[in-house]
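Enquirer: Sequence first, predicted model second:
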Amino acid sequence: MVAISNKPFLVKETLQLALEDRFKIVNSWDLSCVKKRVMKYASADFDVDKAIEEYQSWMVLLSYVTDRWLYVPNPELDEVWHCHIIFTRDYLNLCGALCGKGSYIHHQPEDVDSKMSDEEMKIMSSYAQTYLGCVPFRVSPFLTSCGGQCWSC
């Protein structure tokens with residue numbers, strides 16, 4: 001999970017890219033090495049293609065939100081993120097393509113038992129609606145204080 005705080009989590013240069021350009025970058029990015037690694041360790045019911053699609057949207061969102069931490073909305077997306085981070089050069093190159101050369105989108109684990117408050121859910125939803133036009137990720141009910149009942153896309 002990524003904790004919410006007022007600390008910046010993105011080291012970046014100023015890079016102004018339109019939303020569609022950011023999606024073009026992530027959607028054309030070769031994540032085959034990540035997919036292969038996720039599939040090697042994932043359970044049979046893990047939908048790796050859906051998780052990668054959510055991860056791509058998540059990275060676009062994080063390329064906009066530079067002023068706070070956001071909870072990772074589901075463990076499948078988080079697993080893809082973990083796998084991508086260990087391909088350090090490729091991950092750094094994607095961060096640079098989205099945010100500017102030398103930029104890095106950090107991942108900060110949070111306590112396993114922590115939950116998103118209703119306020120944090122509203123913040124994430126607001127950011128996603130503002131920057132992406134919808135909320136393109138599933139939110140696991142065990143990560144929310146409301147059991148996921150207030151999240152919809």
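Expert: Nice, thanks for sending it over. Residues are numbered from 1 along each chain as shown.
Enquirer: which residue sits closest to the residue nearest to the spatial centre of the chain in space, ignoring its chain neighbours?
Expert: The centroid of the chain falls nearest to Trp58 when counting by CA atoms, centre = their mean (3.1 Å). With sequence-adjacent residues excluded and distances taken as CB to CB, 6 or more residues apart in numbering, Trp58 is closest to Leu77, at 5.8 Å. From N, CA and C alone the C-beta is placed, and that goes for glycine too.
Enquirer: The residue nearest to the centre of the chain: what's it in contact with?
Expert: Trp58 makes contacts with Val72, Pro73, Leu77, Trp81, Phe137, as judged by CB atoms under 8 Å, 6 or more residues apart in numbering.
Enquirer: Could you give me the ChimeraX syntax to select whichever of those residues are buried?
Expert: To isolate the buried members of these in ChimeraX, using 16 or more other CB atoms under 10 Å:
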select :72,73,77,81,137
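Enquirer: Please give me every residue in contact with Tyr91.
Expert: By CB under 8 Å, 6+ apart, the neighbours of Tyr91 are His84, Ile85.
Enquirer: One more: Ser63?
Expert: Contacts for Ser63 (CB under 8 Å, 6+ apart) come out as Leu10, Leu17, Arg22, Leu98, Cys99, Ile105.
Enquirer: Please enumerate the helices of this protein.
Expert: Counting by DSSP state H, the chain has helices at residues 19-28, 32-41, 48-64, 75-85, 88-99, 118-132.
Enquirer: Return the set of buried residues in the second one.
Expert: Spelled out, that is helix 32-41. Val34, Lys35, Arg37, Val38.
Enquirer: Next one, pLDDT for the residue of the chain most remote from its centre please.
Expert: For the chain, the largest distance from the centre (CA atoms, centre = their mean) belongs to Ala44, which lies 22.8 Å off. Per-residue confidence (pLDDT) for Ala44: 90.
Enquirer: Also Cys153?
Expert: For Cys153, the pLDDT comes out at 34.
Enquirer: same question, Val72
Expert: At Val72, the model reports a pLDDT of 82.
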